[in-house]
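Visitor: Predicted model and sequence follow; I will ask about them next.
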Amino acid sequence: MVNGENLSHLTRKHGIKISAGFPCSVEDIGLAVGEIVGHGSVKLAARMNGAVVIFLDQVGKVNRVVEAGLTVNEMFVQVMPLTQPATKVVLSNVPPFITDEFLSRELSRHGKVVSPIKKILSGCRSQLLKHVVSHRRHLYMILNNRNVEINLRFHVRIDDYEYVIFATSSAMKCFGCGEEGHTVGACPRRGDPTPPGRSCGGGTSGASCRGDGCGVRAAGFAAGPLLCLIYTG
């Protein structure tokens with residue numbers, strides 16, 4: 001970039017972001033982006049809140065980089081646009097031995113995964129258990145149909161046992177009381193007896209419960225697509 005170049009025409013649509021979780025330098029990422037769209041197209045590059053943010057000279061080039069992703073130091077890096085067309089998807093009832101790679105591969109049938117999959121804390125109040133994660137994970141996707149919420153359930157068979165995993169882009173809902181806007185770990189009714197209309201484990205009334213506190217919102221997914229998968233690791 002030439003000093004004094006007028007960049008006032010750039011908007012958020014010209015920007016891309018690489019998560020702070022990737023151990024790559026700004027220069028490494030800038031060079032990788034330049035290999036896709038030309039190094040002269042990279043106009044601004046810096047860290048912002050830990051993430052690497054880069055502005056390009058054309059919006060079309062932003063789309064090319066987001067769709068392609070980056071390979072930096074032999075590691076694939078997901079790229080997100082600054083204008084957030086991406087949708088947050090929450091995965092529930094995920095056992096720890098189901099890998100993020102498996103989940104990402106199956107979800108990619110419904111759009112492009114544009115972020116790492118992250119585990120969600122369980123919300124324990126004790127300082128001794130603050131580190132404990134739940135059976136929920138979340139990620140961001142650019143859905144094939146952005147006008148329709150994603151509501152999926154995966155039936156995954158491992159060692160002759162079938163696990164049901166739920167994926168939704170709907171509003172966050174508490175599996176304890178069923179209300180939107182908070183999780184069960186922060187539920188204001190936590191400790192109350194089972195709320196009316198709820199079965200044990202947080203499921204909707206009438207839904208089956210295994211008696212293990214699974215907390216799966218079964219009825220809400222009745223109309224969603226059913227995917228039967230064999231997990232191979």
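Guide: Perfect, thanks for sending it.

Visitor: can I get the CA coordinates of the top helix by length along the chain in CSV?
Guide: Counting residues, the longest helix in the chain under DSSP state H turns out to be helix 26-37. What follows is helix 26-37, C-alpha atoms only, in CSV (Å, rounded to 0.1, in the frame of the first residue of the first chain):
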residue,chain,number,x,y,z
VAL,A,26,-0.6,-10.9,10.7
GLU,A,27,2.1,-11.2,8.0
ASP,A,28,1.6,-14.9,7.6
ILE,A,29,-2.2,-14.5,7.1
GLY,A,30,-1.7,-11.4,4.8
LEU,A,31,0.6,-13.4,2.6
ALA,A,32,-1.9,-16.3,2.4
VAL,A,33,-4.7,-14.0,1.5
GLY,A,34,-2.6,-12.4,-1.2
GLU,A,35,-2.0,-15.8,-2.8
ILE,A,36,-5.7,-16.0,-3.4
VAL,A,37,-6.6,-12.5,-4.5
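
Visitor: So for the longest strand along the chain, what gets flagged as buried?
Guide: Counting by DSSP state E, the longest strand found in the chain is strand 133-143. Within strand 133-143, the residues scored as buried using 16 or more other C-beta atoms under 10 Å are 134-143. All C-beta spots, glycine's among them, are computed from the backbone N, C-alpha and C.

Visitor: what would the residues you listed look like in TSV with distance to Val113 and pLDDT?
Guide: Formatted as TSV, the buried residues of strand 133-143 follow (distance: C-beta to C-beta, whole Å; pLDDT from 0 to 100):
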residue	distance to Val113	pLDDT
Ser134	20	90
His135	20	91
Arg136	17	91
Arg137	12	92
His138	12	87
Leu139	6	86
Tyr140	8	83
Met141	5	85
Ile142	8	83
Leu143	10	86
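
Visitor: quick one: which of these is nearest Asn63?
Guide: Ile142 (10.1 Å; C-beta to C-beta).

Visitor: Go ahead and confirm that closest one touches Lys112.
Guide: Yes. Contact criterion C-beta atoms under 8 Å: Ile142 and Lys112 qualify, at 4.5 Å.

Visitor: Now do the shared contacts for those two.
Guide: Val66 (C-beta atoms under 8 Å, 6 or more residues apart in numbering).

Visitor: wait, what's in contact with the closest residue to Lys43 other than its chain neighbours?
Guide: Closest residue to Lys43 apart from its sequence neighbours, by C-beta to C-beta, 6 or more residues apart in numbering: Phe55 at 5.0 Å. Contacts were defined as C-beta under 8 Å, 6+ apart; by that measure Phe55 touches 7, 10, 14-16, 42-45.

Visitor: Out of these, grab the one that's most surrounded.
Guide: Highest neighbour count within the contacts of Phe55: Ile16, with 24 neighbours (other C-beta atoms under 10 Å).

Visitor: May I ask you to confirm that that residue is in contact with Ala51?
Guide: No. At 10.0 Å, Ile16 and Ala51 do not qualify as touching, with contact defined as C-beta under 8 Å.

Visitor: what's the spacing between the residue nearest to Lys43 and Leu44?
Guide: Distance of Phe55 to Leu44, given as C-beta to C-beta, to the nearest Å: 4 Å.

Visitor: Quick check: neighbours shared by these two?
Guide: Shared contacts of Phe55 and Leu44 (C-beta under 8 Å, 6+ apart): 7, 10.

Visitor: Neighbours of Thr11, how many?
Guide: 11.

Visitor: Skipping adjacent residues, who's closest to Val77 in space?
Guide: Per C-beta to C-beta, 6+ apart, closest to Val77 is Leu70, 4.3 Å.
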